[in-house]
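Colleague: Mind folding the following:
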Amino acid sequence: MSGEHASMRSIDGYARGDADLAADEVWALEAHLEACRTCRDRLSAAVTAHAPAVTELVGTVWSGLAPQLASTAPMPRRRRWSSRLSGWMTPVMVPWLAMVVAVTLLALLLDLVGTGSGIGIGSDDGSGFGGVSLVLLLAPVLPVLGVAASWSRALDPAYELTAATPRAGLYLVLRRTASVLAVVVPVLLLCGWVTGVTAAQWLLPCLALTSATLALGGVVGVSRAAAWLVAGWAAVVVAPSLAAGRTVFALRADGLPVWALILALGTGVVLARRGAYAEPGSRR
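Modeller: Numbers count the residues shown, from 1 in each chain. This is a model prediction of the structure:
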């Protein structure tokens, strides 16, 4: 890249399909072409000059499509905010996020009912159902469900189109993860404030489990990693807490350094294996 436009060396090499172009240079060029009409015109001229077979193929395909496109009604123009939002989440994420919010509100309702009936008396946090807050127990894993839905091949009808975009991979994973957290975390903060559960008790475990989902997802797939972590959380934290009537070590203040370590390790693995998220296996 040079100045505001791509260099002709990069454009000519990209048009010829040169194998000596570095992967990050190809990514930067494709991302730049999305927004620069001048460079797209230069690329078109380069393809005509250096790859006439490609030009002939495109012309053949276009001659067959043109009559069909002319008889097809144009799609309604999307609003600007809708276009921007589509880069952060997919339509299939909306019902999943709604489900996560509904589960959070149900946990809040059970906490309030438990506190009002005296069930939570004697618990270590002073509120909740069965002696412990359900909001506190579920908060760390609820965003994991949204992350799984945002990066599931089976749940994304536009998977092939998404995988072919220049910014697919870790860039898209992080954007969708951020969109999930932006929706779920404020709801959890509100429910925690109502029930008296402080953010310090669940926010760090929440971020740690989210990073662990992405780190493990680079190996076995994000959806599968989320399922494993949620099942493990239910067995190791939720069930013992409800049985004992108090929160286990994982959700106490003295367990926060462990969660900080998990968050750091998970983030490090995600960055070290950032190329794995462009592979189809990461979306199982």
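Colleague: so what's Y14 up against?
Modeller: 21, 26, 29, 43, 46 (Cβ atoms under 8 Å, 6 or more residues apart in numbering). The way it works is simple: take the backbone N, C-alpha and C, and place the C-beta from them, glycine included.
Colleague: show me where the stretch 51-200 of the chain has helices.
Modeller: Remark: helices assigned in the stretch 51-200 of the chain by DSSP state H, counting those that start in this stretch are 52-70, 80-86, 93-116, 134-138, 142-150, 159-163, 170-195, 199-220.
Colleague: R246: which of those is closest?
Modeller: Across these, R246 has its closest neighbour in helix 134-138 (10.9 Å, Cβ to Cβ).
Colleague: What helices and strands are in contact with that closest one?
Modeller: On a contact count with 3 or more Cβ pairs under 8 Å, 6 or more residues apart in numbering; DSSP states H and E, helix 134-138 meets helix 93-116, helix 170-195, helix 199-220.
Colleague: can you pull the buried residues of the last one?
Modeller: The neighbour-count criterion (16 or more other Cβ atoms under 10 Å) identifies 201-218 as the buried residues of helix 199-220.
Colleague: now it, how far from the chain's geometric center?
Modeller: How far helix 199-220 lies from its chain's middle: 12 Å, per Cα atoms, centre = their mean, to the nearest Å.
Colleague: Go ahead and measure how far the helix or strand just after it is from the middle of the chain.
Modeller: Proceeding C-terminally, helix 199-220 gives way to helix 222-233 as the next helix or strand, assigned by DSSP states H and E. Centroid separation for helix 222-233 versus its chain: 15 Å, with Cα atoms, centre = their mean.
Colleague: Alpha carbons of helix 222-233, as PDB, please.
Modeller: C-alpha atoms of helix 222-233 as PDB (Å, rounded to 0.1, in the frame of the first residue of the first chain):
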ATOM      1  CA  VAL A 222     -16.400 -22.400  18.500                       C
ATOM      2  CA  SER A 223     -19.800 -24.000  18.800                       C
ATOM      3  CA  ARG A 224     -18.400 -27.300  20.200                       C
ATOM      4  CA  ALA A 225     -16.100 -25.400  22.500                       C
ATOM      5  CA  ALA A 226     -19.000 -23.400  23.900                       C
ATOM      6  CA  ALA A 227     -21.000 -26.600  24.500                       C
ATOM      7  CA  TRP A 228     -18.100 -28.200  26.400                       C
ATOM      8  CA  LEU A 229     -17.600 -25.100  28.600                       C
ATOM      9  CA  VAL A 230     -21.200 -24.600  29.400                       C
ATOM     10  CA  ALA A 231     -21.600 -28.300  30.300                       C
ATOM     11  CA  GLY A 232     -18.400 -28.100  32.400                       C
ATOM     12  CA  TRP A 233     -19.700 -25.000  34.100                       C
END
